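Colleague: Would you be able to build a 3D model of this:
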Amino acid sequence: MTSAEIKLSKFLENGIEFSCQMCGDCCRGFKEGEVYLYKEDIVRLANHLRLKGENGLRSFAKQYLKVIKDTLFWKSPEETRGKTYKFNTLGFKFTGDDEHCHFLIDNICTVHEARPFQCRCFPFWKMMVTNKKNLTNYSKKCPGLRLLKGRFYTRSEILEWARKEYKIEKEYFLELKKHNFDIIKVYPFLPKEMVENAKKLS
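Modeller: The predicted structure is shown next:
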């Protein structure tokens, strides 16, 4: 699959209005899913927190990250059939009884300017913009999606967000595949015990 194949649901063809209502629910892992992070996200956040170099990245990983499972359907150009791959990626480690993001305080993101791409991209994730049912399901939890008021996003802007998201995920997947799905080779700053603990839990 390529980003050029992303097709918006008819609901978004003319664009929509959306503004975050700052409820904080999408900053909580409790039954809400994961916040995925990629290298650019991690480096940006570590720099924002003044954690420099390889040691800084390792420190950031220990305190804020966890290894999580992900999947991607992939068909190489030379293949006639694709398949769904399962692999490890990185996500935020949540805290507290409500599993909130470490950087969420009083429903305010304290690293807003350095927040991960997944947070910047919401609600224009590929899985939402290509499937109205997914968007409708999220609107039951997200007051911004129920209200649909605020900044107007055009069709091309929505597509651009979804394409960027898929591009980031695809590039990470291909890098991981090149290294036989060894996440340590892609992220050498990761503490090995993080990966070993994830294996025990899977």
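
Colleague: C-alpha only now, for contacts and for neighbours.
Modeller: Fine.

Colleague: which SSE is residue 164 in?
Modeller: Per DSSP states H and E: residue 164 is located in helix 155-178.

Colleague: Check which element follows that helix along the chain.
Modeller: Scanning onward from helix 155-178 (DSSP H and E), the first element met is helix 183-186.

Colleague: and that following helix, C-alpha only, in PDB?
Modeller: Below are the C-alpha coordinates for helix 183-186, written out as PDB (Å, rounded to 0.1, in the frame of the first residue of the first chain):
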ATOM      1  CA  ILE A 183      13.900  -3.000  17.500                       C
ATOM      2  CA  ILE A 184      17.200  -2.500  19.300                       C
ATOM      3  CA  LYS A 185      19.000  -2.100  16.000                       C
ATOM      4  CA  VAL A 186      16.500   0.600  15.000                       C
END
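
Colleague: show me the contacts for the closest residue to residue 192 other than its chain neighbours.
Modeller: Leaving aside its chain neighbours, residue 192 sits nearest to residue 184 (7.4 Å; criterion: C-alpha to C-alpha, 6 or more residues apart in numbering). Residue 184 is in contact with 190, 192, 195, counting by C-alpha atoms under 8 Å, 6 or more residues apart in numbering.

Colleague: wouldn't the first one be in contact with residue 58 here?
Modeller: Yes. With contact taken as C-alpha atoms under 8 Å, residue 190 and residue 58 are classed as touching, separated by 5.9 Å.

Colleague: Settle it for me: which of the two has more neighbours?
Modeller: residue 190 (23 against 19; other C-alpha atoms under 10 Å).

Colleague: contacting residues for the more buried one?
Modeller: Residue 190 neighbours (C-alpha under 8 Å, 6+ apart): 57, 58, 61, 62, 184.

Colleague: between these, which is closest to residue 76?
Modeller: residue 184 (24.0 Å; C-alpha to C-alpha).

Colleague: And the closest one, how close does it get to residue 191?
Modeller: Separation of residue 184 from residue 191 (C-alpha to C-alpha, to the nearest Å) stands at 8 Å.
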